[in-house]
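Enquirer: only the shape, not the letters, is given here:
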């Protein structure tokens, strides 16, 4: 069984969420029939909550196909999607465009109401983010959205929305043993306003695994685009030597508990205050058995002290949630794409820049 958590209004999700952006390309070829069958296996294992986005090419449609193929399983599934308008559209985004995007997600997923819509805004210098958030709230009150959330907001701008009277159910953000930025101020804000924290990047795109233990520092070329992003985070954390030290500690803890490094890293984040769930990226069900182990994994004081003995020596990453990624001239911002809704020439959408993934 997979742990579940119930929000204040009774909404229940699995504490492991099946991520969808790995199915949008860049992590190997995707077989739609296999992907749909794998979704069924996740639900049968107790991972009933799926994460996707309007900009994740074809993923909302895949989940819609799963719902049609497995209606009995789909009845127990919660679907979290995102509303991510393109950067050039922010200044002129209006009510019809916002509602059309939500209607498009409803149609792709084949549902009458979206369980959770997580709102992303590329540039807070474009001041229409509050107006847009309240337009989404209007659609919530109209019944098209059950819960409204945000993703990658910093503390000041999330606080502004809350002070304006917006009811925020969840915040999806990057949080891991490597990236501790949410702990500076965001976690306390979310705790004060009963906002569930949904974490991505808990295993740093696969870096927190046995695959990288004892390996020499890699160069700039990776077979997995998300590794490009998380290597930058490792550099900020303290570099490859400190990262290897952390991997060694996690490996010893994993051996004590007969589990894997990724499971220990995920459990450590799930145990943090205000964290409701962790998103596990998966192109298949290959690691489903390891995911299932996380529920029964209990880290004791010895484990936690061993981890913090390394992580307390971090150098970064510095700043508030997603601030480094918002600097379009910086190392983190330069690897992103900001126009994801309109397919470029060739018919294939661009990449998952929301999480900092470079183009192919």
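Expert: Good, I have the coordinates. The structure displayed is predicted, hence computed values, not measured ones.

Enquirer: ok, residue 115 - contacts?
Expert: 11, 78, 79, 80, 146, 147 (CB atoms under 8 Å, 6 or more residues apart in numbering). For every residue, glycine as well, the C-beta is placed using N, CA and C.

Enquirer: and residue 139, by the same measure?
Expert: 98, 99, 102, 145.

Enquirer: what about it, helix or strand, and which?
Expert: Taking DSSP states H and E as the criterion, residue 139 maps to helix 129-141.

Enquirer: count of residues packed around the nearest residue to residue 76 once chain neighbours are set aside?
Expert: When the adjacent residues along the chain are set aside, residue 76 lies closest to residue 48, with 5.2 Å between them (CB to CB, 6 or more residues apart in numbering). Number of residues near residue 48 (other CB atoms under 10 Å) recorded here: 23.

Enquirer: ok, residue 220 next?
Expert: Residue 220: 6 surrounding residues under other CB under 10 Å.

Enquirer: then residue 316?
Expert: 15.

Enquirer: what secondary structure does it sit in?
Expert: Following DSSP: H, G, I helix; E, B strand; the rest coil, residue 316 is assigned to coil.

Enquirer: so residue 206 touches residue 227, yeah?
Expert: Yes. Using CB atoms under 8 Å, residue 206 is in contact with residue 227, at 6.7 Å.

Enquirer: between those two, tell me which one has more neighbours.
Expert: residue 227 (19 against 16).

Enquirer: how near is that one to residue 278?
Expert: Distance of residue 227 to residue 278, computed by CB to CB, to the nearest Å: 19 Å.

Enquirer: same question for residue 197.
Expert: As judged by CB to CB, residue 197 and residue 278 stand 10 Å apart.

Enquirer: compare those two and say which one has the larger neighbour count.
Expert: More crowded of residue 197 and residue 278, by other CB under 10 Å: residue 278, with 27 against 22.

Enquirer: coming back round to it: which among the contacts of residue 139 count as buried?
Expert: 98, 99, 102, 145 (16 or more other CB atoms under 10 Å).

Enquirer: residue 338: which of those is nearest?
Expert: residue 98 (17.9 Å; CB to CB).

Enquirer: about what we covered before: save the contacts of residue 139 as a markdown table, and put in secondary structure too.
Expert: Listed next are the contacts of residue 139 as a markdown table, based on three-state DSSP:
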| residue | secondary structure |
| --- | --- |
| 98 | helix |
| 99 | helix |
| 102 | helix |
| 145 | strand |
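
Enquirer: could these be laid out in a markdown table, adding pLDDT and distance to residue 53?
Expert: A markdown table is the format used below for the contacts of residue 139 (pLDDT from 0 to 100; distance: CB to CB, whole Å):
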| residue | pLDDT | distance to residue 53 |
| --- | --- | --- |
| 98 | 98 | 15 |
| 99 | 98 | 17 |
| 102 | 98 | 13 |
| 145 | 98 | 14 |
